[in-house]
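Participant: After the sequence you'll find the predicted model.
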Amino acid sequence: MDTLRARCAVVAPAFLAVLATGALAGTNPGPDECWAEMVRLSKVHGVPAPLIAAVAHAESSWQQFARATGNYAGRYYNEGDLVESFDGGIGMMQITGDPISGIDHDRIRTDWKYNLEIGVRTLRFKYDYSWYVVSVINPRHGLPAVPNWFPRGDPEILENWWYGLICYNGYSPASTVAEVYLARAENPGAYRLHASDVTLG
């Protein structure tokens, strides 16, 4: 019993220190701090800040860790738990697997800024890759390339992000992407991301 007490005396302070740092139970950033980081990442990676904000809101309501109220269904039950969805999405940007190379999988669980950065880098990668799919891969499979009337456009313009945005949670074979393009060619007003869809409240 004395040995157990001695061990507890050593372990308990360390455990409390871990709790205090938020390594096991985390605290979310405030909206101003979160928005400031989104603006910073926007400038670094060339992804519009309102788009980052909209994706983070859709994925987690800007939460890296669960709140006592306002949680959606997932694999966490207590305030401060990591936001982790049933399909393995982790944190504020619901990172799954390895959407880009070189991810620190421990850090995306504990560091909301890093989780947000990986999400933003993934968005930019998917934006660039979506153009590669429709301009290079599709023709190899006998599918249409990017329509002549649809320029790649400036990534600073929200409306140019729709095709990359649909790939954020994964993408299907090139034929599916081609079908989206064909549908838009038949009805140019459809499948369009409007600035009003992603602006802040």
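Facilitator: Here it is on my side, so go on. Residues are numbered from 1 along each chain as shown.

Participant: where does this protein dip in pLDDT?
Facilitator: 1-25, 68-79, 132-153, 171-201 (pLDDT under 70).

Participant: switch to 50 and redo it
Facilitator: 4, 6-24, 71, 73-75, 149, 174, 190-201 (pLDDT under 50).

Participant: which stretches of it form helices?
Facilitator: Taking DSSP state H as the test, the helices found in the chain are 2-21, 31-45, 49-60, 107-110, 112-132, 138-140, 162-165, 174-186, 195-198.

Participant: For D106, the count of nearby residues, please.
Facilitator: 9 (other Cβ atoms under 10 Å). The way it works is simple: take the backbone N, C-alpha and C, and place the C-beta from them, glycine included.

Participant: To clarify, my last question referred to S85.
Facilitator: For S85, using other Cβ under 10 Å, the count is 17.

Participant: Please look at it and Q94 and confirm they touch.
Facilitator: Yes - judged on Cβ atoms under 8 Å, S85 makes contact with Q94 at a distance of 6.0 Å.

Participant: Could you report the distance from I103 to Q63?
Facilitator: 20 Å (Cβ to Cβ, to the nearest Å).

Participant: Comparing those two, which residue is more hemmed in?
Facilitator: A direct count of neighbours by other Cβ under 10 Å for I103 and Q63 places Q63 higher, at 23 against 17.

Participant: Tell me the spacing between that one and D128.
Facilitator: In terms of Cβ to Cβ, Q63 sits 28 Å off from D128.

Participant: got it, and H57?
Facilitator: With the distance defined as Cβ to Cβ, H57 ends up 23 Å from D128.

Participant: likewise A58?
Facilitator: In this view, A58 and D128 are 21 Å apart by Cβ to Cβ.

Participant: likewise E84?
Facilitator: E84 is 28 Å from D128, where distance means Cβ to Cβ.

Participant: Which of the two has more residues huddled nearby?
Facilitator: E84 (17 against 13).

Participant: So what pairs up with the more buried one in the strands?
Facilitator: Under DSSP bridges, the beta-bridge partners of E84 are I90.

Participant: correct me, but it touches T96?
Facilitator: No - if you go by Cβ under 8 Å, E84 and T96 don't touch, sitting 10.0 Å apart.

Participant: Find residues that contact each of those two.
Facilitator: Shared contacts of E84 and T96 (Cβ atoms under 8 Å, 6 or more residues apart in numbering): I90.

Participant: you'd agree G88 is up against H105?
Facilitator: No - checked against Cβ under 8 Å, the pair G88 and H105 is beyond contact range at 11.1 Å.

Participant: A53 against W35, yeah?
Facilitator: Yes - A53 lies in contact with W35 (Cβ under 8 Å); the separation is 6.8 Å.

Participant: which of those two has more neighbours?
Facilitator: A53 (21 against 17).

Participant: What separation is there between the more buried one and S60?
Facilitator: Relative to S60, and taking Cβ to Cβ, A53 is found at 12 Å.

Participant: Same question for M93.
Facilitator: 7 Å.

Participant: So those two - more neighbours on which side?
Facilitator: Using other Cβ under 10 Å, the more surrounded residue of M93 and S60 is M93, with 30 against 27.
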